[in-house]
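# Provided below for reference: sequence and predicted model.
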Amino acid sequence: MTSKNQKRSTADATRRVEADSDYYGDHPIAVKPAPGLPRRAASETVATLRDCVYGQAVGDALGVPYEFKPRGSFRCSDMVGRGTHNQPAGTWSDDTSMALAICDSIRETGRIDTADMLRRFREWMDWGEYTVDGLFDIGNTTAQALRLGRGLTGERDNGNGSLMRTLPLAFTDATDDEVRAVSAITHAHRTSTEACVTAVEVARKLAAGEDVRSAARAVNPSLVDIIDGDAPRSGGYVLDTLHAALWCLANTDSFEDCALAAVNLGDDTDTTGAVAGGLAGIVYGIGGIPAEWLEKLRGKGEIESCLF
Ligand SMILES: [Mg+2]
C-alpha cells in the first residue's frame, strides 16, 4: 500500500481522502473527464458507472468468505468476514480490483488503451494497486497472461477472469472489438471475448432502463431459456458465471436478493456475486444497495478514486 500511495499524485490522494466521507452520490466528486473520453451520453443511460461498480464491489465482498464452497454447504445472509480468504467483512477481491484498474485507465487516458490496462493489471498483481490492503486472490490464466504480456487462447483458458472486470465498459462507447481486446489482455479465446461482449450489451440495455428479459432476448434469445430454467452452474467457467448472474437478476426483485442468490449458488461465489451485483447495481442503483452493506464495504476511497 505504501508503494501505491507513493505512486499516486497528491491530487489523487486528496481526492481519495475526501471520497472516504462522501460516497453516497449526493455530492459526487468532480472528476474532469479527459478529452475524448469514450463515455456514454447521459441521455443513453439511467444508471451510472458508480451504481454498477458499487454493486459489483458489494456482491464480490459478500462472496469472498465462501469462495470454493459447494452449493448447499453454507448460507450467506449478510456481509461477514473471515471464511475462505480470512479477510475482514466488506473486503472485495480481484474481480473488483481489475474492474477498478480498467476504470482508472479510462479515467486517465480517456480511451480504451489495452497496453495501459495491462500495465495497471501488473501493478495490481505485483504491487497491490487497486486493492483494499493487498492481493489475496488471482486466477491462473490471469497470472500467466500478465507475466507473458499476452492473453491465452486455449479452450481451457475460459475462466471468468475477463468477464468479472468487463461491466464498466458498458458506460463507455467502446466498440465490440474494443471489448474483445480488453478481454484478450488475459482471456483471448473467443468464448471469453464473446461473453464479455454479451455482458456489456446486456448491461447497456439495463442501464438504459430495459428489463432483464427483454435485454437478454435482444442480445441473444437463447439467454431467455437460461434465465427461465433451473439455477445454472456457478463455477469458474465464463459462461456459467454469465448465465448464473443473469439468472439471479431475472429471478429476484431487489439488489439484496439478487446478490445473496448469486453467492448462495456456491463455488465461485465472489465472481458470481460480483457480476450479478454489478448488473443489480445498474438495475436498482446505489440507493438500492442495503445501507449497512455500503457502510461495511471497505476501500470506498479506492473505488471513488478510479471512477470516470
Ligand atoms: Mg475474486
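Looks like it arrived, so ask away. Numbering: from 1, shown residues only.
# shaky segments in the chain?
Applying pLDDT under 70 to the chain flags residues 1-39, 41-45.
# so which bits of it are right by the ion?
With C-beta under 5 Å from the ion as the criterion, the chain meets the ion at residues 93-95, 137, 270. Where C-beta positions appear, they are placed from N, C-alpha and C, glycine not excepted.
# tabulate those (CSV), appending neighbour count and secondary structure.
Output for the residues of the chain next to the ion, formatted as CSV (neighbours: other C-beta atoms under 10 Å; DSSP: H, G, I helix; E, B strand; the rest coil):
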residue, neighbour count, secondary structure
93, 27, coil
94, 27, helix
95, 33, helix
137, 18, coil
270, 30, helix
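# count the residues that sit near residue 63.
When neighbours are defined as other C-beta atoms under 10 Å, residue 63 has 34 of them.
# now do the host helix or strand of it: distance to the chain's middle.
Assigned by DSSP states H and E, residue 63 falls within helix 49-63. Remark: helix 49-63 is offset 7 Å from the chain centroid, using C-alpha atoms, centre = their mean, to the nearest Å.
# and for stretch 234-252?
Using C-alpha atoms, centre = their mean, the offset of stretch 234-252 from its chain centre is 14 Å.
# repeat that for stretch 129-138.
When C-alpha coordinates are averaged (C-alpha atoms, centre = their mean), stretch 129-138 and its chain have centres 14 Å apart.
# picking up where we left off before, then the helix holding residue 63 to CSV, C-alphas only?
Extracted C-alpha coordinates of helix 49-63, given in CSV (Å, rounded to 0.1, in the frame of the first residue of the first chain):
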residue,chain,number,x,y,z
LEU,A,49,-20.9,3.6,-13.6
ARG,A,50,-20.9,4.2,-9.9
ASP,A,51,-24.2,2.2,-9.4
CYS,A,52,-22.5,-0.6,-11.3
VAL,A,53,-19.1,-0.6,-9.5
TYR,A,54,-20.6,-0.3,-6.0
GLY,A,55,-23.0,-3.2,-6.9
GLN,A,56,-20.1,-5.2,-8.1
ALA,A,57,-17.9,-4.5,-5.1
VAL,A,58,-20.7,-5.3,-2.6
GLY,A,59,-21.5,-8.6,-4.5
ASP,A,60,-17.8,-9.5,-4.5
ALA,A,61,-17.3,-8.8,-0.8
LEU,A,62,-20.4,-10.8,0.1
GLY,A,63,-19.0,-13.8,-1.8
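# what sits against whichever residue of the chain sits closest to the ion?
Nearest residue of the chain to the ion, counting by C-beta to the ion: residue 93, 3.3 Å away. Residues in contact with residue 93, defined by C-beta atoms under 8 Å, 6 or more residues apart in numbering, are 60-61, 64, 67, 85, 136-137, 270, 274.
# cutoff 7 Å now
By C-beta atoms under 7 Å, 6 or more residues apart in numbering, the contact list for residue 93 reads 60, 64, 136-137, 270.
# again, but for residue 188
Contacts of residue 188 (C-beta under 7 Å, 6+ apart): 151-153.
# turn those residues into TSV, columns for neighbour count.
Shown next, in TSV, are those (neighbours: other C-beta atoms under 10 Å):
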residue	neighbour count
151	26
152	21
153	14
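# re earlier: how about the residue of the chain closest to the ion: what's its closest non-neighbour residue?
residue 137 (4.6 Å; C-beta to C-beta, 6 or more residues apart in numbering).
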